[in-house]
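*Asks:* Please find the sequence and the predicted model below.
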Amino acid sequence: MAELLRAEWTKFRTVRGWVLTVVAAALVTVVPGLLFAAGSHSSCSVGPIEVPCPTPPVGPDGGAVEDRFSFVHQALTGDGGLTVRLTSMTGIITYPPPDHDKIVPGLVPWAKAGIMVKDGTRPGASYAAVLLTGGHGVRMQYDFTHDTAGRPGGVSRRSPRWLRLTRSGDRLTGYESADGRRWTEVGTARLDLPDTVQIGMFANSPGDLTVKQSETGGSIGQKRFTQTTAVFDQVSRQGTWSGTEVGDGPGETDWERYHRANGLVRSGGTFTVTGTGDIAPSRDGPVFEDGLRGVPFGLVVVVVAAVLPIAAEYRRGLIRTTVLAVPRRGRALAAKAAVIGAVTFAAGLAAAAVTAPLGMSLLRANGFVLLPAPLLTQVRVIAGVGAVFALVAVFALALGALFRRAAGAVVAAVALVVLPYMLAVFSPVPDEVSRWLLRLTPAAGLAIQQSVQEYPQVLSHYTPGAGYYPLPPWAGLAVTAGYAGLALALAIRAVRRRDA
Amino acid sequence: MRATIEVIGLRKRFGPTLALDGMSFTVEPGRVTAFVGPNGAGKSTTMRVVLGLDAADEGRALVGGRPYRTLRHPLRHVGALLDAAALQPGRTGRDHLLWLAHSQGLGAARVDQVLDLAGLGGGVARRRAGGYSLGMRQRLGLAAALLGDPAVLMLDEPFNGLDPEGIGWLRELLAGLAAEGRAVLVSSHLLSELQHVAGHLVVAERGRVVADTSVAALLAAGDRVTLEEAYLRLTGRRGDG
Amino acid sequence: MRRELHAEWTKLRTEPGAGRLLLGLVTLTAVTGVALTAGVTCPWDRCTQDTVKLGLTGVQLGQAFAVMLAVRMISGEYGTGLIRLTLAAMPRRTTVLAAKATLLTGLTLAGGAVAVAASLLGAGLLLPARGYPPPSPADGPTLRAALGSVLYLALIALISLGLATVLREPAAAAGTVLGLLYLFPLAVLLLPDPDWQRLLWRLSPMNAGLAVQATTGLDDLPLDPWTGLAVPAAWAAAALLAGGLALRRRDA
Ligand SMILES: Nc1ncnc2c1ncn2[C@@H]1O[C@H](COP(=O)(O)OP(=O)(O)OP(=O)(O)O)[C@@H](O)[C@H]1O
Ligand SMILES: [Mg+2]
């Protein structure tokens, strides 16, 4: 096999056009990402004055987070807990679809009201909360990324929801009850908290996301102001309560100014808390793979680079010489696949290793605050681009051997790899169809580039166009590998059976 | 139109290689002109330039006194066989000739005539050309050259792959065509095949003509009895015996 | 031109492949359109989707077959060396290219017409049950979208023919055309500036060319439908011009 690989490598490297095509694949991968990064600018201003953009708060695990809510709290030292009865949760949504012309009463699905233990009121500080949502029932959430479901359903005066949160050392436990007597555990969290923490009631409501197609093909997401008002009573703790608007920025909407401001309204034992915002991992800002936008471009060239050598074999009967030299035809094809796979892997790896970090620093220089990606994720993304290049090359080569026609193989490979991606991010194809396209076609492997995680408890436009793939990175790569393996197996079978 | 091929001072460079370096000769009607020379001498290139396929850097090539590309029905004036393997494998031999015929305003009847003439009558011509043997492809190429009943024929190594019966047939065919007053230019390395047909010999080397002589004169000039020996002598190479 | 046409037509019809590619074009176009139409909804009880455009989305896939047809027509000849025989038999090279272009146009127009008709008929069967009226040829924009899609397919085939003549190598030709079609829209999305986006959109043969399919929201389009179709037409003219020049200038 070593001789065979050597022979195929010699065949490949001695045709200048083929080598140049692989180099072109790398260049074509680098350029679009850098152009994108160089051309994007971000600026922030307060009134007419330009200021540096605020850095988003960082959660306990180092990830950027959103942390905004109305908090009615008091100190808790040592072990203890809080029990409340939630009797009402209402809200407003400003200018929702279809006409975007009215402010309507209602709750967005992930509007939140409940009780919380937090390490102070600094945005990003560690917390645990048991809460009711607008559309997803009771949840236990902590430290921004963790979410456990409790019982579904909403709240009304006739069927109130009781919530309880207790601290015992580093262990926090959330309970819920329909009547305040029989309690069910919702979830627990182990948090590294100081002796004294803040405990209390909170409410907030993430912006209402609407997405519309832009006329040039992409989609534009818009978030509109929403607000939640929660009414608590039967509060188990006495003493003084203070209200804090955690993470509130400057500026106020007209709604807050003229109708209902965020904060606490207390009458006797009834606490009415109104709030806006979200407690969630942040979705805003460029991500590590933004510099890799050229990957689909590079893939088209990779397909051509992989088809050229195999088509040349068939066109002028070179295949007969090859088969004479290596009568075990399956091995000859496998060696060819290995060579083109290795060469394109190197090209993809090199391109990604240059363009992803360079894109990041360009974006940072242009004023963006980036969503950080752990080093291991960065390595996975960069090596993943090489892997996708190699797999797509093997896939295209196998199609070339199967069809014995260069044009057909190139068109089929591009239509199966790049076209699904293009359709998924662009064009009037519905989101659900886009997701299936990126699950079922060899384009699924592009998921290996995704550095940010999708959280079901965070409302966002999780589409391929925004960088979210329907399959986890390795599963996506496995789909592409499956296609490449299947095509190669079929091609090996075909060259064995067929006359050379 | 006089049946001649005139090659006048052709020069042609492919990158670093000078393929034609002042190639000049004339092919007269009524006899078979053998075009010989070592590999890479520029024979095929000359033929491509004559057919207007490659453009010469210098010099001219005329058929019947006119540049090939000005001919209205070129295959009716010049029949050429360049590379018999140049076929689309999915098409049948007959259909291959049919589109060529249509390009010259000829019909299917002429196609069947030349197929018979080339010995491809019957079922063979209706099979996919991809499955043809070397000799069958050569015969199909010859049929294509004969399609327009041309006054000038230009054949690049037409004996390639023919069986002994086919070689005899082609030799007679060439002699017959020349006898009808056509100009016939044949390149070949098999000089023995041309021995009894060729009336004239053009020897090329490194892109230019090194000898242009009638075969009779050549053979009479010395004690050499075969063309092959004469050729080796002319090109300065030693024969074995 | 007549003889060239006749010869090229004989060539086309005597090699299997062209028919299959046209069948592929029709099938893929119609199946995609019908599948997408089957999933159409009326969000917030408003049936405002552009069902004509959705039903004709298959053209974006089907055009790949038009590309293949065109590339084969010329690169196939270079691959086998047949081009020399073709040009020896028909020395008027631009006329040969014109003949090929004419036949290719005819074939893709015919295939495209069937594909578009099948897509819209399929949509017509599915739409009433989903709250939309079926597309009607009596409706001006619908008719324009249908005719325009057919013309678009022919123009894409011509772009492919021109580029394949320049590039000769079939793999490179197919890759270049598909890149031009499918990567241009992605490149548009790469640009951060909306004005630049609209400018690039206007240059993209697929973006601008398929504007002809829009039947709603015409005011938002960077180009009006027929002007949009002029963009692939300009590309086709440029590609054929380059192809013709290359064919004339180059050794066969
Ligand atoms: N298309 C081309 N590109 C580059 N070089 C070429 C090309 N065609 C011919 N040549 C070169 O021109 C020279 C003459 O080639 P040509 O094919 O005319 O020789 P020939 O006399 O026909 O040889 P043979 O007897 O082997 O057929 C050779 O050195 C050849 O390598
Ligand atoms: Mg030769």
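*Replies:* Alright, I've got the coordinates. Ligands and ions are numbered 1, 2, ... in the order given.
*Asks:* So what's the residue count around residue 154?
*Replies:* Using chain A here. Close neighbours of residue A:154, defined as other C-beta atoms under 10 Å in any protein chain shown, add up to 13. Any C-beta I mention is one placed from the backbone N, CA and C, and that applies to glycine too.
*Asks:* oops, chain B please
*Replies:* Around residue B:154 there are 27 residues (other C-beta under 10 Å).
*Asks:* quick one: contacts for it?
*Replies:* B:5, B:47, B:50, B:51, B:78, B:79, B:80, B:81, B:145, B:185 (C-beta atoms under 8 Å, 6 or more residues apart in numbering or on different chains).
*Asks:* Could you pull up the residues touching the third one?
*Replies:* Residue B:50 is in contact with B:5, B:7, B:61, B:63, B:68, B:154, counting by C-beta under 8 Å, 6+ apart.
*Asks:* any idea of the pLDDT on the second one?
*Replies:* Model confidence at residue B:7, expressed as pLDDT, equals 96.
*Asks:* which element is the residue of the stretch 51-200 of chain C found nearest ligand 1 on?
*Replies:* Residue nearest to ligand 1 within the stretch 51-200 of chain C: residue C:84 (10.8 Å; C-beta to the nearest ligand atom). Element membership of residue C:84 [criterion: DSSP states H and E] is helix C:82-89.
*Asks:* Name the residues that touch that helix?
*Replies:* So helix C:82-89 is contacted by B:48, B:51-53, B:68, B:74-75, B:80, B:82-83, B:86-88, B:100, B:103-104, B:144, C:7, C:76-77, C:93, C:96, C:252 (C-beta under 8 Å, 6+ apart).
*Asks:* among those, which are in reach of chain A?
*Replies:* residue C:76 (C-beta under 8 Å from any C-beta of the partner chain).
*Asks:* The contacts of helix C:82-89 in helices, which ones?
*Replies:* B:48, B:74, B:75, B:100, B:103, B:144, C:7, C:76, C:77, C:93, C:96 (DSSP state H).
*Asks:* which residue packs closest to the third one, ignoring adjacent ones?
*Replies:* The spatial neighbour of residue B:75 that comes closest, neighbours along the chain excluded (C-beta to C-beta, 6 or more residues apart in numbering or on different chains), is residue B:148 at 3.7 Å.
*Asks:* Repeat that for the second one.
*Replies:* For residue B:74, the nearest residue in space outside its immediate sequence neighbours is residue C:91; the separation is 5.7 Å by C-beta to C-beta, 6+ apart.
*Asks:* Which phi and psi values does that neighbour adopt?
*Replies:* Backbone torsions of residue C:91, given as degrees, to the nearest 10, read phi -70, psi -10.
*Asks:* Please look at it and residue B:68 and confirm they touch.
*Replies:* Yes - between residue C:91 and residue B:68 there is a contact at 6.1 Å, judged by C-beta atoms under 8 Å.
*Asks:* Which of the contacts of helix C:82-89 are buried, as a ChimeraX select command?
*Replies:* To isolate the buried members of the contacts of helix C:82-89 in ChimeraX, using 16 or more other C-beta atoms under 10 Å in any protein chain shown:
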select /B:48,51,52,53,68,74,75,80,82,83,86,87,88,100,103,104,144 /C:7,76,77,93,96,252
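*Asks:* how about the helices of the stretch 51-200 of chain C, start to end?
*Replies:* Using DSSP state H, counting those that start in this stretch, the helices found in the stretch 51-200 of chain C span residues C:51-55, C:59-80, C:82-89, C:93-126, C:140-167, C:170-178, C:184-190, C:194-203.
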